[in-house]
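>>> Below is the sequence, then the predicted model.
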Amino acid sequence: MNPEERKALRKSKIAARDALSPEERKVLSEDIVSKIVESPEFKEAKTVLIYRATRGEVRLEALETAPEAEGKRLLFPLCLTNSEMIALLPDGPDAWQEGYYGIWEPIREKSQEIAPEKIDLVICPCTVFDDKCGRMGMGAGFYDRYLEKCVNAHVVSVAFEVQKADEIPMAPWDKPMEKTFTEKTVYCSEIK
């Protein structure tokens with residue numbers, strides 16, 4: 001699949017995701033979160049990198065407030081440049097601002113930076129996935145580059161079933177996920 005076909009696939013699945021109503025997205029996201037908190041990867045993790053949703057992405061607010069998350073360090077990404085991302089532990093509700101691409105991000109001065117090798121679980125957003133846990137992001141490669149440094153972490157993604165493709169043509173830089181959580185099921189890959 002050439003770059004234009006990848007771009008078209010990404011665009012079609014973003015449109016499918018964005019077509020869900022806010023009510024549907026909330027209910028389906030909560031279904032996904034219920035599967036995450038029951039997973040061994042989440043139960044065993046002490047430090048988890050999640051994200052604040054933008055546009056039609058799976059919303060993880062229910063994960064932030066879940067009883068199962070109590071005692072865990074929930075980190076959030078901060079994009080420093082158009083290619084570099086770090087993970088921050090925000091120090092309270094006033095440690096947030098609207099950042100890159102309109103995504104809510106922790107304020108660096110009001111947060112603690114956590115080294116990638118200290119992360120036990122990374123939960124990635126995605127635009128497209130397949131049943132082998134192939135993943136395509138938004139195309140900027142933030143997660144693909146950052147995940148290379150997360151040497152001790154389980155790496156999973158979350159998506160709605162409407163984002164599923166028959167097969168994703170993985171580019172050399174695309175990092176395969178161990179699992180993909182959707183409202184319907186949990187897809188597992190052959191890695192780890």
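In hand now; what should we look at?

>>> For the rest of this, base every contact and every neighbour count on C-alpha atoms.
Noted.

>>> With adjacent residues omitted, what lies nearest to Trp96?
Nearest residue to Trp96, sequence neighbours excluded (Cα to Cα, 6 or more residues apart in numbering): Pro106, at 4.4 Å.

>>> again with Ala19
According to Cα to Cα, 6+ apart, the nearest residue to Ala19 is Gly56 (8.0 Å).

>>> Can you tell me the SS state at that neighbour?
coil (DSSP: H, G, I helix; E, B strand; the rest coil).

>>> Secondary structure element for the residue nearest the centre of the chain, which one?
The centre of the chain sits closest to Cys124, judged by Cα atoms, centre = their mean, with a distance of 1.8 Å. When elements are assigned from DSSP states H and E, Cys124 belongs to strand 121-125.

>>> which helices and strands sit right next to the helix or strand following that strand?
For strand 121-125, the following helix or strand on the C-terminal side (DSSP H and E) is strand 128-129. In terms of contacts (3 or more Cα pairs under 8 Å, 6 or more residues apart in numbering; DSSP states H and E), strand 128-129 is packed against helix 3-18, strand 135-136.

>>> so what does the first one touch, helix or strand wise?
Using 3+ Cα pairs under 8 Å, 6+ apart as the contact definition, the elements that helix 3-18 packs against are strand 128-129.

>>> circling back: so the residue nearest to Trp96 is in contact with Leu88, correct?
Yes - using Cα atoms under 8 Å, Pro106 is in contact with Leu88, at 6.7 Å.

>>> Mind checking which of the two has more residues around it?
The neighbour comparison of Pro106 against Leu88 (other Cα atoms under 10 Å) goes to Pro106, with 28 against 24.

>>> residues contacting the more buried one?
Pro106 sits next to Phe76, Pro77, Leu78, Leu88, Leu89, Pro90, Ala95, Trp96, Gln97 when contact means Cα atoms under 8 Å, 6 or more residues apart in numbering.
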